[in-house]
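Enquirer: from the sequence below, what's the structure:
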Amino acid sequence: MKKVLCVIDSLGSGGAQKQLVELAKGFKEKGYSVSFLTYYNDNFYKKELDKHNISIRTIIEPNYVNRLFKMRAAIRQEKPDSVLSFLSAASFIATVSGFPSRKWKLVVGERSANPNILKSFKLRFYRWLHLFADYVAANSQANIDIVKKVNPLLPDKKCKVIYNAVKIQNKYNLTTINDKYRLVIGASHRRLKNLDGLIEAVNLLPLVNKKNLIIDWYGEKNLDDSYSLGVDKIKSYKLSQLFNFHEPTTDLMNEIKHSSAIGLFSIYEGFPNFICEGMALGKPIICSPVSDLPVLLKDNINAFFFDPNDPQSIAESIVKLMDMDEGDIIKMCDNNQAIVEEYFDRDRIVNDYLTLLS
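Expert: Next up, the predicted model:
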């Protein structure tokens, strides 16, 4: 039985963690031995992995240099047939662990189209080390473009775009809460997720839209000051009745299922799981034109796009979303589920990764 080792910083509630857990479950279903190696004790997805008998080993070491050597020793002790790492620091560790030589296949996963990669020496250095991996798998072409800009020596044959895995769900059903339009957001609270821009946009909405709208945001709080500042602004604008904030949930798909629509307001993204899940569930979408979304979706046909830096643009898109009639909603959702079948099919995505890891 071939052994796949998944390396990532933690099993927290982030999108990269969610996708790696989903892939690990898929590898297990196909008869592979799968385990996780992390270095932060954040186990949001532990119960899900336990259900599938996927083991987790966590190396707790605050000193960066000592952590690197301990992680390296742990990877080499595992004697895996292949290693799949997600996120830049974990991929750095996985790559260095192969020096001076290794017997396993190494696939490093790129999950962020953060423009700061181009400015940071450390982040650029991490991408130069991709030369020592067998493959670089990114969940968007936008991410590959950034990596290639940083490291032009990286061969094209090493770079693969593999989108996020998701399962097609039920067809669209209009869901309201107490006759209000329920917009659901799934994102951690960081400035790049643009809570501030959403608040400013909601404040600009016509009164009729404000009266009929409720926003439920699911995600980890206090990663920076964006959540606390947002709550203060919501109170000052007297919008508290419109916004509800919730802790992250492993059953976000159920919240999407019981939404009227879903929203993504980020300044930038790798490729958002949340949008894939909303498309799979057949829900209307309002989002920033980040990552590969403008490649896969057409404005006013598959989604309503807006400028995330312009609250008026966001507000206009919210109004268009809320004004959709049932026929247009069904057309949008049918189109999006067809895209999910073509690009995000879970079984095909799992097989694409296994092809690189074999």
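
Enquirer: what sits against the nearest residue to Ile349 once chain neighbours are set aside?
Expert: Among residues not flanking Ile349 along the chain, Ala165 sits closest, at 3.8 Å (Cβ to Cβ, 6 or more residues apart in numbering). (Glycine included, C-beta is placed from N, CA and C.) Applying Cβ atoms under 8 Å, 6 or more residues apart in numbering to Ala165 gives the contacts 19, 22-23, 26, 344-346, 349-350.

Enquirer: closest to Ile185 among those?
Expert: Gln19 (18.5 Å; Cβ to Cβ).

Enquirer: looking at this, that closest one is in a helix?
Expert: Yes. Read with DSSP: H, G, I helix; E, B strand; the rest coil, Gln19 is one of the residues of a helix.

Enquirer: residues near the closest residue to it other than its chain neighbours, how many?
Expert: Of all residues not flanking Gln19 in the chain, Asn164 sits nearest, at 5.6 Å (Cβ to Cβ, 6+ apart). As a burial measure, Asn164 scores 25 neighbours (other Cβ atoms under 10 Å).

Enquirer: Asn164 contacts Asp352, doesn't it?
Expert: No. Asn164 lies out of contact with Asp352 (Cβ atoms under 8 Å); the separation is 11.5 Å.

Enquirer: overlap in contacts of those two?
Expert: Here Asn164 and Asp352 share no contacting residue, scored by Cβ under 8 Å, 6+ apart.

Enquirer: following the helix or strand bottoming out on mean pLDDT in the chain, which helix or strand comes up?
Expert: The weakest-scoring helix or strand in the chain, judged by mean pLDDT, DSSP states H and E, is strand 176-177 (a mean of 52). Going down the chain from strand 176-177, the next helix or strand is strand 180-186, by DSSP states H and E.

Enquirer: what residues sit buried inside stretch 326-337?
Expert: 329-330, 332-333, 335-337 (16 or more other Cβ atoms under 10 Å).

Enquirer: quick one: the residue nearest to Ile349 from Gly197, how far?
Expert: 29 Å (Cβ to Cβ, to the nearest Å).

Enquirer: please apply the same query to Ser85.
Expert: When distance is defined by Cβ to Cβ, Ser85 is 32 Å away from Gly197.

Enquirer: next: Lys298.
Expert: Distance from Lys298 to Gly197, by Cβ to Cβ: 23 Å.

Enquirer: now the strands: where do they sit in the stretch 201-350 of the chain?
Expert: For the stretch 201-350 of the chain, applying DSSP state E, counting those that start in this stretch gives strands covering 213-218, 243-246, 261-264, 285-287, 304-305.

Enquirer: okay, and the beta partners of Lys180?
Expert: Here Lys180 sits in beta bridges with Ile177, going by DSSP bridges.

Enquirer: wait, it sits on Ile215?
Expert: No. Judged on Cβ under 8 Å, Lys180 makes no contact with Ile215 at a distance of 9.9 Å.

Enquirer: show me where pLDDT drops low in this protein?
Expert: Along the chain, the model assigns pLDDT under 70 to residues 169-178.

Enquirer: burial count for the nearest residue to Thr58 once chain neighbours are set aside?
Expert: Leaving out its chain neighbours, the residue that sits closest to Thr58 by Cβ to Cβ, 6+ apart is Thr38, at 4.9 Å. Neighbours of Thr38 under the rule other Cβ under 10 Å: 22.

Enquirer: can you show me the helices along the stretch 151-300 of the chain?
Expert: Here the stretch 151-300 of the chain has its helices, by DSSP state H, counting those that start in this stretch, at 195-204, 207-212, 226-236, 252-257, 273-280, 293-296.

Enquirer: pretty sure Leu11 is touching Asn41, no?
Expert: No. In this structure, Leu11 is not within contact of Asn41 by Cβ under 8 Å, at 9.0 Å.

Enquirer: more crowded one of those two?
Expert: Taking neighbours as other Cβ under 10 Å, Leu11 and Asn41 compare with Leu11 leading, 25 against 13.

Enquirer: if we can go back for a sec, Lys298 and Gly197: who's more crowded?
Expert: Gly197 (22 against 11).

Enquirer: do I have it right that that one meets Phe265?
Expert: Yes. The pair Gly197 / Phe265 is scored as a contact, 5.8 Å apart, by Cβ under 8 Å.

Enquirer: shared neighbours, these two?
Expert: Shared contacts of Gly197 and Phe265 (Cβ under 8 Å, 6+ apart): 308, 314.

Enquirer: next secondary structure after the helix or strand where Ala137 lies?
Expert: Per DSSP H and E, Ala137 falls inside strand 135-138. Note on strand 135-138: by DSSP H and E, the next helix or strand toward the C-terminus is helix 141-150.

Enquirer: in that next one, which residues are buried?
Expert: 141-144, 146-148, 150.

Enquirer: list just the nearest of the residues you listed to Asp325.
Expert: Distances from Asp325 to the buried residues of helix 141-150, taken by Cβ to Cβ, are shortest for Ala142, at 32.9 Å.

Enquirer: brilliant, that's me finished.
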